[in-house]
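[1] I would like to see how this sequence folds:
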Amino acid sequence: MLAVSRPYGRSDYIPCIAWGLNAREAGAWEVGTPVALTGRVQSRQYIKVQDGKADEKTAYEVSAVSLQQLPSLDEDR
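    So this is what the prediction gives:
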């Protein structure tokens, strides 16, 4: 999950998909690790059934091509 900071203390949380070495490396990072990510945004449709009613939804996610751990903000001080 990628957290992207916005103004006024808000953040957006974007699901990310990584494979192979990228997935192993990212899996070892702590929550809050700054990263540089290159990839593509993709969407997919799915059906959510709630209270007997089926709604078609769209999910967006980032498919990561490359990931790089950046220095912690604490290390810059």
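[2] Sketch out the strands for the chain, chain order is fine.
    If DSSP state E is used as the criterion, the strands of the chain fall at 2-5, 11-14, 16-17, 35-50, 53-69.
[3] which of those strands has the lowest average pLDDT?
    Lowest mean pLDDT of these: strand 2-5, a mean of 88.
[4] Can you tell me what sits against that one?
    With contacts defined as C-beta atoms under 8 Å, 6 or more residues apart in numbering, strand 2-5 is touched by 11-16, 35, 37, 62. Placement of C-beta: from N, CA and C, glycine included.
[5] at 7 Å what do you get?
    Strand 2-5 has contacts (C-beta atoms under 7 Å, 6 or more residues apart in numbering) with 11-14, 16, 37, 62.
[6] Pull the distance from it to the chain's centre.
    Here strand 2-5 is found 7 Å from its chain centre; the criterion is C-alpha atoms, centre = their mean, to the nearest Å.
[7] Pull up the pairing partners for that strand, direction included.
    strand 11-14 (antiparallel) (DSSP bridges).
[8] okay, the strands of the chain, which one's buried deepest?
    strand 16-17 (a mean of 14; mean count of other C-beta atoms under 10 Å).
[9] quick revisit: between the strands of the chain, which gets nearest to residue 27?
    strand 53-69 (10.7 Å; C-beta to C-beta).
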